[in-house]
Each structure stands twice: as structure tokens, then as C-alpha cells.
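Q: Sharing a sequence plus its predicted fold:
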Amino acid sequence: MPSKTRSKKRIDYRILEHELVPQHRVLSFEEAVEVLKRLGVKPHQLPRISINDPVVRLLGAKPGDIIEIKRRSPTAGEATYYRIVVVF
Amino acid sequence: MVYIGEDREDYIIKSIVMRMLPPREINKMARVTITRPELYESDGSPVPGGPRDPHFGAIEPGEICPVCGNTREHCPGHFGRLELARPVIVPYYSDHIYYMLQATCRVCGRLLLPQEKIDRYKIILKKLKKRWPLLAEAFLKEVRKEAAATMECPHCKSRQFKIRYIRPILFYEERPEGETRLTPIDIRERLEAIRDDELELLGMDPEKNRPEWAVISTLPVPPLAVRPPITLETGLKSEDDLTHALVEIIRQNKRLSNLIESSAPETMIEDAWLALQFVIAAYIDNELPNIYPLTHKSQRMMKTLAQRLKGKEGRLRGNLSGKRVNFSSRTVISPDPNIGINEVGVPVEVAKVLTFPMRVTPYNIEEARRYVLNGPYKWPGATFVYKKRTGKQIDLRFQRNYKQLAESLEVGDIVERHMIDGDVVLFNRQPSLHRMSILAHKVRVMPYKTFRLNPLVCPPYNADFDGDEMNLHLMRSQEARAEAEELLLVEKHIRTPRYGGPIIGGRQDYVSGAYLLTVKNRLLTEKEVIDLLGAAGYKGELPEPAILAPRKLWTGKQIVSLFLPDDFNYTGRAKINSGPLACDSIDCLHDSYIAINRGKLLIGVFDKAAIGAEVPENVLHKIALEYGDAKARELLDTMYKMFIRMLDLRGLTISLSDIDIPREAREEIQKLIREAKTEIEKLISDYRAGRLEPIPGRTLEETLEQKIIGRLNSLFSEAGKTATKYMDPFNDVFVMAKTGARGSEVNITQMVALLGQQVVRGKRVSRGFRTRTLAHFKPGDLSPEAKGFVKGNFRYGLRPTEVFFHAAAGREGLVDTAVKTSQSGYMQRRLMNAEQDLYVAYDGTVRDSYGHLVQVRYGEDGADPMATYHGKAVNVDRLIEMYGEIRESTNHR
Amino acid sequence: MSVEQGFGTLYSDLPLEELVERARQILPKYIYDELEEKVIKNEKLTENSKRRIIREAIIKYITSLAQPGEPVGVVGAQSLGEPGTQMTLRTFHYAGIMEFDVTLGLPRLIEIVDARREPSTPIMKVYLDEKHKYSAEKARKIARKLEYTTIDKILDRDPEWMAGIPEMRLYLDKELMEDKGVTIEKVVEVLKKAKLGEVTIESEDPPVILIELSERVLPPSEADNPMAYIALSNKVKKLYLKGVKGIKRAVIQQHEREVNGKKVVEYMILTEGSNLAEVMKIKGVDYRRVRTNNIHEIAEVLGIEAARQALVDEIMDVLRDSNLDVDIRHIMLLADLMTFTGVVRQIGRLGVAGQKPSVLARAAFEVTAKQLFDAAVRGEEERLLGVTETIIAGQVPRVGTGIVLLTSPHSPPDRAQAKAETSNQEGEGEKMEVGKQ
Ligand SMILES: [Mg+2]
Ligand SMILES: [Zn+2]
Ligand SMILES: [Zn+2]
Ligand SMILES: [Zn+2]
């Protein structure tokens, strides 16, 4: 039963340790600019992540921040992904 | 005739802007005003001012359009209009009308939000729209909700009321004095009051649209070309559904205007007005909820505008997304192992119809002359000649003097020549589930009337030769052929992108043949060796024979090794490597572990695991990956031919005796069955006596069922083992099952020993009569026989009840397949629609056509699954196997 | 190997150290690590063969890269759709333990790509922490804690009452109580909290509890109405005793694992029903590894990235169960697309396919007429970028060879002819010219 008590729930830092959750990190402004340049994209073309995403809430990221995600990858060993924080 | 590639950019559509049709546009387009519902006068001529007015455009042969003066070939058709006696709401727009009525003031027409909010929201919207269209959409919804919830206008302070909307066109306002219907006139008034600068917050583009256009007073009437009448064989004219619907609208409109003119009671007018609105709604979409659909006299639903666009056969899916082509053909396929895998055999009849426009150059002019000389009926000939100088098109069917025409050919002319050997064609078998369902082949024109296909190419098409038909397309531009040859040629699709394995490869006889050729005890005489190598087209010296005296004999492994690359190393299990033949060492005595060193097959047999289709990382796959697809193709076109040649030499056939076992074996199996039966009887009596212990979480009945099924399954496999124990291991049925050519242990058991439990809905057969499956059994009988256990076999036949159970299970299989295909077909369509725009960009990222970045690196390592070793981009173990040299010093240690 | 073709002598005379450095830069970590372990650090291999292997690995990797333009979306859709016909349609017993019905095969796959709110058979895999996973007893204790238990789960029969006498008797089942780990005191406590009236234990064995219904729950006016008793009895039956909401059943599973050559028995819990957030809080549960097959729940509790990983895992599990071989890259692409917007989107009309920027693409998919009218109101512009739209317009889709924009237009035949004639009577090949864009 999906709990609809998202906002009510206390922040639980333990989710960051769950094996399904890869490492998330908020990029600094300079890093974000570099990533956008390297990928040749505008912010709105990036994959998104909600400001209400539990991990984003734990990180305290703001809308417009770019999150760097380090995934464990079955094909490459390690893979980096980026998502931009959006409101919705 | 315009040839592809010429002036292409002139015809590129950059974009299409969608907007509502403004009334002034409707009037501007109209060339005729409709006033009468009648179509024809009594003399058969069209009624002026009727839906068949000639001003709608010329559609009869020879007719001259009174508007543009063209005949039907060039008249584009012209719109007309119908003045409605009272305005009408357009369905579908009504959803937007609803939002606007809710969100704007019923008095002053302003958006029901304070001015400062309006200003702020406009700025936010502008920002969102540019970058985040989906978010803009969600934001608008929120704005609308907020405005709709405001019950007092912040601008003129007037009170607002709730609006009730009944799809598709009815609106009510819940006023304090009671619910009142809003007529299209009321609604239009309110929409007119909405300010342009507030429209965008209501989800409408103010530069293109005005909300009041959603209520129309003039109905555009489409040209006749859109609704052409057809003449039946009887000579009677039959009108298009749209015309019928229009007639209905005109009649209703007429009735309404008559009522208004005669100042009839307002209720009658209201009724007629409402009826007009419904007819127009149905004219736009006859499947809307809460309307009376337009029907023919036969109660058949009319196909109105929306119905033309909708669905699989509708305009968008059926005509615009699905193109029809010329220069294609379809016929039955049959196998021809003697042609190459890149080839396709094409009947001469087909070759004479599918033609290629060959441009005459100084280099091919003689060739072109030969085709013209042969004429259209003799292959290889030509059907047309386009003279460059005169621009004339000459049809060779009506040409006597081919010789003169051939001589008159000049550089730059185009000769429409027959399909010839070596032409690149596309070959396709439906259902086209993956990209290997359409491949490029090179033509071999042949006698007889079927397309010929190398049986090695059956797997990608999923084809067999029990009557399958396939389609063939001849491409008519050099550009297309070049692309097809480079990208779609069969040999470039030996490997599948689905899992990184070979999809083209040996099946059935190729597998049995490879096994029989490479099996340890196969020794071949010189004559046989020459015969085999001849079949493969081998050119070169014979290897040293393995046995010199008393006569020269070669092993099959030697012969096969002739075709393997000189530096090819390989180790791996054969398919037969299981059960008593299981072994994991190069020193295998069972010939079930394959070792190839420097291109020499040292031990192990070739069977499905080595040369088969759909076996990743087998010999064929590694050769394709490491030596290129061309090398793999060469192998398929040479070595594989020996495999089936081997069967020609030795023979491969089965008979009843192959699935017969001695009496004592049959008795042994009967004994096994009896033992199992006694055990099950005990289970059942325990159950009835309440002595059965339930498995946790299961009921008693389920426990019993599970135990019975478990016991019957073990009986089945025991019986299978007993049966095979008594069978000759070189029996061809056995060889086929063992090598993976065809059939399995289960199949053999069913033929030789027993069919076993028949399963319906994952359970023993249980339905039929109330407490039993068939009248042959006692009510409540739980014994194996009564619930679908078949102890008969295919060799000695089944009892009547057994046939029934077997048929029941078989039928379930058929029903399942039917359901599955439709479900998985729909899933694939949705997957395709979701994913089709994704591609790998030049920087290795995955993007969609709209610029979104979906993956930073395709598959996270960037590798194309097709180019991998079953998923691994680089197979380190394999590299060591190929190039790893052990240090001298360690060797001595 | 012909793979070398086109690479000439690239890297062929680099010393080993430099080659290793190149490999580190070029190869994905996964491959490099394997190479390091099996080759670079392998003392048995000769230096020469090491160099050869590393060079081949680099070349092999570069040649295996997907080519620009490769329509990976289409290939992915096909790779998942084509084997769909070979899947089962049935719900099967859970492999191994036969205690659960689990949706597998095609229906499950459709359910996943449809991003259904709730799976038809929600299931959790609850792993236990070090302290609990080696003991069946401890595992059982946790399983009891998980199972959502109400009073009716431990009743021997329905509560007994007689209209007119404001009393109700609960006959509890001793075995069930033991199995669920509920004591009679606990039941009494719960009943007292429910404030139905005076609660007394009438008998310990067999356990019987008497409730003297107070006037507050059973007004005298209702005392003769059987319906009132039935309503009260139902209320009592639904009273919460213990467990996690949504967890209908919890069973223990045991696994044997080899650790340093020794066989170790481990226990875990499978549950019917799912409640990730709550189960993670239970003590003894390895909250790092708890799984549910409800993707939306994962997205809500663990975030979108976890949901993406769960999508990949779930689809791969379904395919493995059906014995189908599909490369994980196709699944990863699908999962990345489904989670692109930060929520789990279905692939269909209400998700990925329905949210495309193109009107024609949307109209060609489903609900044609509405799409066109809505686009008109919004004043949308169809830019003809995607595959469906370009095909409708009879243009070249911008995937595959269609991504190439630099073209060399061949001159119309007349011009070619004219050129050929002026330069050479025989007509030489046309000169290539680089066209606009
Ligand atoms: Mg067939
Ligand atoms: Zn005209
Ligand atoms: Zn107002
Ligand atoms: Zn052996």
C-alpha cells in the first residue's frame, strides 16, 4: 500500500544506505556549468528529479540544482548520470 | 517524371501551425452557400445550393469546375458554408469552454484572480513555456483551479456561480434561483468578454485564437473531393457518409429557421436548436458520449469526421503513418540450400514486373541496348525508355522495332530494365517484430513461382516452408540500394542486437549433419571427402589423411577444420555435453567438449552448441565477432553446405522402429506406472481419511494436488529414463534430440513411454461435469486417469478419454497463443511509440528528437549489444584464450 | 583478427605501462578492473602477450561502441517486444516455495511498463540483519511482527452474542494465537482500548473473553436489535492487534550459502502485500536490502533513482523467469526514459507516448481527435522532428542515417550532362560539392 503520507513522514537518512539508492551529490554552480557544457545541453533538456524526491529532500537541494548520480552499473562498473531538480 | 534526389529541399515542410478556424476564414474559403438539403434535381443534375453544388469542385470525369476552371485532375476542391440559424458549440472545444467559463467572471469576463497574481502568473508561465512545456501545462491547471474556486470577481466584485458541464455540449449554471442552461449565445457572449492578454493563462494562444470561435454560426462544408459520391455497378449514385450527415444538418437547420421565422413557441425553438447542436456534434464525432449517433436506415453508424481519422484504419495510422508502395511482390517461399545466405531466388515472372530505372551512361550503354532489344516480355529486358532529349516516355509493350529503339539510346536516357541477378532487394516476412524481419538480399532470377530462401536465414524471419509467404521490394534509387547493401544485407545481421548472439545459423538438419560429420567414429573415404568438399565449393589441396592404410581415410574433424581460420582457438561444451556425457575437460573421452586450436578441431563434436542459431558465444558467433561478418557468411555458405551434404551421404530418417522399445522395457514402464498409482491411491485415501498433513499456507486439497502432481512428474521422468535406456543411441530420433536439432527428451518420452499429465490452467484437468471430468468416471474420482493423466504413448496410441484430455490441453495452448499475440502486439506498439525517437548522438549520449538527453552514455558503457559477447563489450577471458602466452620460466616451474 | 582492420599500427609499439594507462582512460571501469586482475597483474603471461591483449581490448571496446545515429530506442522496443510472444500468460507459484501466487511473464511485464499504481500481486523480500538472519526463531519473530493481524485472525469462530443480553464472547484459537505470537493479555488490552465495555478473561484454556457491552456502544434502545450486534461483532473482528499495514502474510524462507567453504543457513521473509516505509523501520530487518515489487512505492520512499534501478531489476527478473535473453542495455534505456521526468511514467497514452511535444505523434498514437482539437486551442506548432511526424510528412526521420545533415547534392541530370560535355566528351565523374548544411 503506497503511503500517501510523504510530507508528514520524518526525514529518514537510512534510505541513503539502501542498496537501490545510488550516491547523489549536488553540483556546485561551476561544476554544473561545466557539465552542461560538456554534454552540450540546456538545463531543460536534462533528466529531472522532483524537489519532493526523498533523496533530494535529504540533500536539501533547490530547484535548478543539478544532481550528480553515481550508479553502480552492470555494464560499465560505474556510471554517472545527471538530473536537474524541478518543482512539481 | 521526377526522380528521387532532385530538388529535395524545395519540398521540405518545416513546421505546421495548429489553430482554431476563425469565422472570417470560414467565410473567405467558402465558394458557395448551402441553403437546401436536396442533392439532385429530378433530371439528375446537382441542386444549386445543395450539398452537391458544382462549386464544391469538379469530381466527375470531364467536368469543368465553375470556380477554378480545372478538370477534376487539377481542381483542388472548394469549401462551402452553411449559415446556422442559431450558433452551435463545437464539441472537443467545449472542454476548453468549460475551463474558461469556470475561470472567468460571468459579468466582466476577467480572469478570476487579483491583478497582481495575474501579472505574476503571466511571467512564470512565459518562463515555463519556453523550457518546460509539461510543467507549463501543470501550472496552467493549477491557475485554472485557483480561478475556478474564486466565487467573487476580484475586478467587478460580482458573485460567481458553479458551472455544470455535460459532455459534449451542455452547460448549466447553478444560480440561486435554480439551475439554468447556458445557450451557445450566452456562452459566446461570455467568451467574447475575455481579454486577449488573459487568454494565455487560460491555455489559449491569444495570437492565434479567440475563445468565441469555439461557438460557430457558420459551418464550413468540405469540398466534394473530401466526400466523393461513388457510382455503383447498378448505375445508382451512392453518397459519402459525410454528405448524408450534412444533409441531416441542413434539414435540422432549416427546421430551426422555419420555427424562428414563424415565431413558434420558444420551447419548440429550443428543442430544434438543441437537435441541431447534437447533429453537428455527431457530424464531428459520431462516437461522442450522450449524443444520438447518426445512422443509416440500416442502423449502421455513419463514419463522420473523427471516425475518418481514428484507429488502425483511420487517416493517421492507416494512410499517413502506413505507406503503400509500388515495385513490390509477394509469393510463397521455399528452401534452397544451394544459394548463398545473401541471396534470394526470384521467379522470372516477378523479375519482369519489378523494374529498375537505369540511367544510361557511356559505360553501360551496350548493356542497356541489350535490355531494350529483348523487349518487355523476354527476360532480361526492359519495359520503358525515357528519352532525355525529348522528355518522351516510350512503352515497349506498344513498340515493334526494339532494334531501332536500342540504337537510338543516348547517354542520359533512362531505361526501365527488368530485375537482374545481383540487384539488391528488400525481403520481408510479417509480423515484422524486429529489424531482422526486413533484410537486403541479392537477386538470383530463377524458374518456377516461389521465392527461394537459404534455410539458414529462417531464424531472423521466423520463417518455415509450410506455406509461408514473403514480400519483396525492389529499390529504385542508387542511394537506397547502397544504403541497403551496406546496412541491411543478410550477412550484417548474423548477430542480433537483442542479446549479442548469432541469430542466423544452423537448425535442424544442419545440426544433425554437423554432428554426424564430426562425430568421433566418422571416417571418410577419398570419394566422400571430395564429394563433401565439392558441395562446399572448396578449392585447394586435400589434407593428409588421418589413416593411410589399408586405405586412405579422413576424419570429419579434419574436413571441418579446413574452413576454420588458421589462428582460431576455441573451447566449450557441446550440446550433447549433459547426463552421462557431461565433461568439462580437454581430455574428454566422450567427444562432448570442443577444443579448437589454431583452426584445428581437435576434439568434440559440432552440434547446436557450436554451429547453431541463437546460441551466444558459440563457434559461429565468435568467428563473426572476431573475423568479421563476411568470414562468418563464408562459413555459412561453405562449411554448412557440407553438413547437409553429410546427411545426403548417410541418410537421416525415422521410422516406427525408432520409437519402439522391447517388451521387457514396456513392462518395466508399466510397473513404474503401477507403483506410482498405488502411492497416489494411498495419498487419496489419506486425504479422505483426514490423515494428510497440509503444506503450510496451503489447503488440504491444494496439498493433495501438489503431491499427486509431484509424483506423476517423477513417474514421467523415470519412465523417460527407462525408455531411453533401451533405445539405440545412434537411432536418428535420439541423435536429433541429443544434438539439439529437433525434439527433446520430453518428446521422445511421449512417443515411446507415456504422455504424462495433461495440464489445463496450471492444474490437473478438473472441469467438465459437476464432480468429474467425463461421464466415464465415478463422481468425485481423484485418481490420475480421471483427471487427465495419460499413460498411453504415441507409438501405441491413446484411449478415448486420453485423447480428450490431450486435446483439452492442446486447445488451451492455442487459445493462449492467440491471446498472447494480441497483448504483446499492443505492448510492442506502445513501447515503440514511447522509444522510437531515441538515438545515439555523435557524442555517445542518447537523445530524443526533441533534444532531451536520456542517457549520458548509451547502456552506460556505450557498447552496442549487437557487437558484444553476449552482453560483454570486451571478453577478457576470450582475449587471454586467443593471445595469452605463458611465460617460459613459469612453464618450467 | 580482422577487428584490427582500420586501426593499423595504433598503439602497437607503446610500452606496457603506457598501454595500461591508455586502457585505464579509455575502457569502462568494469572492463579495466577485469583486465587488471586477469592480465596486468597476471605474472604467468608474457609481457608481449599482455601488450597484445590490452591493445586488442582497447580496439575491441572502441569497435563495439554504438554508432552515431543508431536507433537504440527502436531496437530496444523490438528487443523487448519480439520475445513477448514467447512468454507465459499465467500466474505461477513462486519458484521454489510454492506458497505464493506471483504474477509473472507477459502480464507482469505489461504491468511494469504500464507503471500500474499497485502490482496485482504485491510482494516484499525482507532480508534480515546479521543478528537475525541465522536463526529461524528470530526470523519467525520478525515475520510475526510484520503480519498485519486483527482479532478475527485468531478467532476460533465468530463472536457469540444473544440479542437482548449486552454481552459478547470471543472464542480464541490457541494454536493460531501461538502461531501469530499473540497473548490473551494483548487481546484484552486491545479490547479495553477500544472502549467497548468491561472485558474479562472467562477462561484461559480454551481462551475465552467476555465483553460486557457498555451503553455507550450499545444504547438500550438497540439492545434487542441483532443488526447492532452484528455491526459490533464486525468492529471487534477488525480490531488491530499487531503488524504492518498492508502485509497480509509473511513466510520464512531459508537459503543455504557457502561462506569460506562452510555451508551457512540464512533466513529471510517473503510477504504478501507491501509497505516499504514501515517495514524498513522494523528492528532486525536489513533496511539496506528490503525489496518490494511496487515501483511507485519505491519511488516515493527511496526516490526516482531507486525506482529506475527497481524497474531494471524487475523487468530483468521477469525475463529471466521466462528464460528469455534480452540485453540489459535495452532495459536500462527504457527505465531511464520512464523515469526521465522525475516520476515513474507509463509508456502509454498517459505517459511517455502521450507527453511527446509533437501533435501528430500523439494523434497517431491514441485519442486522435482530442489531440488535434487541443493542439489547435493551444496554438501548437508541429515542428516535424520525431519519427512518426516525419513519416507522416513524407520526410526523412532524424535517426539512423537520417542524422547526417551534411550532404553533397548531386546535380540534376541536365547540369551533370552539361558539365560532362564541356569537360570531356566521355563524361567524367561529377565533382563533389558540399551543400548547405
Ligand atoms: Mg509457417
Ligand atoms: Zn475548382
Ligand atoms: Zn467581474
Ligand atoms: Zn568427457
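A: Yep, it's here. Ligands and ions are numbered 1, 2, ... in the order given.

Q: Longest helix in chain A, by number of residues?
A: What stands out as the longest helix in chain A, according to DSSP state H, is helix A:29-39.

Q: Buried residues, it. List them.
A: A:32, A:35-36, A:39 (16 or more other Cβ atoms under 10 Å in any protein chain shown). The C-beta positions use only the backbone N, C-alpha and C, and glycine is treated the same way.

Q: Quick one: residues in contact with it.
A: Contacts with helix A:29-39, where a contact means Cβ atoms under 8 Å, 6 or more residues apart in numbering or on different chains, come from A:27, A:42-43, A:46, A:65-66, A:68, A:82, B:843, B:845, B:853, B:856.

Q: Likewise for stretch C:163-172?
A: C:151, C:154-157, C:159-161, C:184, C:187, C:191, C:196-197, C:202, C:206-215, C:218, C:223-226, C:229, C:232-233, C:236.

Q: Going through those residues, which ones are buried?
A: C:151, C:154-155, C:159, C:161, C:184, C:187, C:191, C:196-197, C:207-211, C:213, C:218, C:229, C:232-233, C:236.

Q: Among the residues you listed, which lie within strands?
A: Here DSSP state E is the test, and the buried ones among the contacts of stretch C:163-172 give C:161, C:197, C:208-211, C:213 as lying in strands.

Q: list the contacts for B:T773?
A: Applying Cβ under 8 Å, 6+ apart, we find B:T773 in contact with B:765-767, B:786-788, B:805.

Q: Run through the helices of chain A in chain order.
A: A:29-39, A:54-59.

Q: Oops, could you answer that again for the stretch 551-700 of chain B instead?
A: With helices called from DSSP state H, counting those that start in this stretch, the stretch 551-700 of chain B shows them at B:556-561, B:608-611, B:619-627, B:629-637, B:639-650, B:663-689, B:700-725.

Q: How far does the third one sit from its chain's centre?
A: The chain centre lies 29 Å from the centre of helix B:619-627; the measure is Cα atoms, centre = their mean, to the nearest Å.

Q: could I get it in CSV with only the CA atoms?
A: Extracted in CSV, the C-alpha atoms of helix B:619-627 (Å, rounded to 0.1, in the frame of the first residue of the first chain):
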residue,chain,number,x,y,z
VAL,B,619,31.9,-21.1,-32.8
LEU,B,620,29.9,-19.2,-35.4
HIS,B,621,29.3,-16.2,-33.1
LYS,B,622,33.0,-15.9,-32.2
ILE,B,623,34.1,-16.1,-35.8
ALA,B,624,31.5,-13.4,-36.8
LEU,B,625,32.7,-11.2,-33.9
GLU,B,626,36.4,-11.7,-34.4
TYR,B,627,36.9,-12.3,-38.1
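
Q: From the centre of chain A outward, give me the first residue you hit.
A: The centroid of chain A falls nearest to A:I67 when counting by Cα atoms, centre = their mean (4.4 Å).

Q: tell me, which helix in chain B spans the most residues?
A: Chain B, longest helix under DSSP H: helix B:800-835.

Q: Just the residues contacting stretch B:51-66, thanks.
A: Contacts of stretch B:51-66 (Cβ under 8 Å, 6+ apart): B:31-32, B:34, B:37, B:39-40, B:46-48, B:67-68, B:70-72, B:75-80, B:221, B:223-225, B:228-229, B:243, B:246-247, B:250.

Q: sorry, back to before: tell me the mean pLDDT for the longest helix of chain B?
A: The predicted model assigns helix B:800-835 a mean pLDDT of 92.

Q: helices and strands around the next helix or strand after it, which ones?
A: Downstream of helix B:800-835, the next assigned helix or strand under DSSP states H and E is strand B:839-840. Packing contacts for strand B:839-840, counted by 3 or more Cβ pairs under 8 Å, 6 or more residues apart in numbering or on different chains; DSSP states H and E, involve strand B:846-847, helix C:72-81.

Q: Just say which of those is most tucked in.
A: Of all the helices and strands packed on strand B:839-840, helix C:72-81 has the most neighbours on average by mean count of other Cβ atoms under 10 Å in any protein chain shown, namely a mean of 26.

Q: can you list the residues that contact it?
A: Contacts for helix C:72-81 (Cβ under 8 Å, 6+ apart): B:433-435, B:497-499, B:824, B:827-828, B:831-832, B:834-840, B:846, B:848, B:858-859, B:865, C:66, C:109, C:315, C:326-327, C:329-331, C:333-334, C:337, C:387, C:399.

Q: angle of it against helix B:800-835?
A: 170 degrees (axes from the mean of the first three to the mean of the last three Cα atoms, to 10 degrees).

Q: Give me the distance from helix C:72-81 to the chain's centre.
A: That offset, for helix C:72-81, works out to 18 Å (Cα atoms, centre = their mean).

Q: Can I get it as PDB, trimmed to CA atoms?
A: Listed next in PDB are the C-alpha coordinates belonging to helix C:72-81 (Å, rounded to 0.1, in the frame of the first residue of the first chain):
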ATOM      1  CA  VAL C  72      18.600   2.400 -29.900                       C
ATOM      2  CA  GLY C  73      15.100   3.200 -28.900                       C
ATOM      3  CA  VAL C  74      13.500   1.300 -31.700                       C
ATOM      4  CA  VAL C  75      16.000  -1.600 -31.200                       C
ATOM      5  CA  GLY C  76      15.100  -1.600 -27.500                       C
ATOM      6  CA  ALA C  77      11.400  -1.600 -28.100                       C
ATOM      7  CA  GLN C  78      11.800  -4.500 -30.600                       C
ATOM      8  CA  SER C  79      14.100  -6.400 -28.300                       C
ATOM      9  CA  LEU C  80      11.600  -6.300 -25.500                       C
ATOM     10  CA  GLY C  81       8.500  -6.700 -27.700                       C
END
